[in-house]
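Visitor: what's the 3D shape of this:
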Amino acid sequence: MDIVIIVEGKRDKERLSSIVTDRVEILCTFGIPGTDKLEELRRRVGDRSVYVFTDNDASGRKIRARLCETFPDAEQLYTRKGYAGVEGTPPEYVIRQLEKAGLGDYIAVPQNTNEEWSK
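Guide: Numbers count the residues shown, from 1 in each chain. Modelled structure (predicted):
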């Protein structure tokens with residue numbers, strides 16, 4: 001796997017997994033990460049490029065801040081305020097954010113877009 005995207009939870013991971021190729025590893029913090037979780041993430045990331053994609057709420061901002069301390073070179077991906085977190089962000093918007101971050105080569109467009117994304 002070429003890159004890592006760190007998200008908050010399994011539903012966020014499911015949303016992104018339906019959009020990106022299997023060359024992207026998606027890791028979850030499962031809440032605000034403590035020292036042990038940050039160390040585990042650091043170990044799993046290794047020397048790959050890291051992207052942080054958290055919700056646009058207080059918890060997401062706190063998680064993003066902790067991850068930025070651990071991965072100061074991480075690229076930041078943002079969902080728009082008003083969306084129900086990463087999991088509730090429309091796929092088209094997620095794709096635009098991935099493209100803005102230069103990750104267009106990692107986007108896997110579903111065969112039947114409406115059917116796949118309605119899940």
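
Visitor: shaky segments in the chain?
Guide: Residues of the chain that meet the criterion pLDDT under 70 lie in 1, 110-119.

Visitor: residues near the nearest residue to residue 49 once chain neighbours are set aside, how many?
Guide: The shortest distance from residue 49 to any residue other than its chain neighbours is 4.7 Å, reached at residue 3 (C-beta to C-beta, 6 or more residues apart in numbering). Using the backbone N, CA and C atoms, a C-beta is placed for each residue, glycine as well. Counted with other C-beta atoms under 10 Å, the neighbours of residue 3 add up to 18.

Visitor: contacts only, for residue 3.
Guide: With C-beta atoms under 8 Å, 6 or more residues apart in numbering as the criterion, the residues that contact residue 3 are 23, 24, 25, 48, 49, 50, 51, 103, 106.

Visitor: which residues in this protein form helices?
Guide: Counting by DSSP state H, the chain has helices at residues 10-17, 35-45, 58-70, 91-100, 113-117.

Visitor: out of those helices, which is closest to residue 84?
Guide: Between residue 84 and the helices of the chain, the tightest spacing by C-beta to C-beta is seen for helix 10-17, at 9.8 Å.

Visitor: got the angle between that closest one and helix 91-100?
Guide: Between helix 10-17 and helix 91-100, the angle formed by their directions is 70 degrees, by axes from the mean of the first three to the mean of the last three C-alpha atoms, to 10 degrees.
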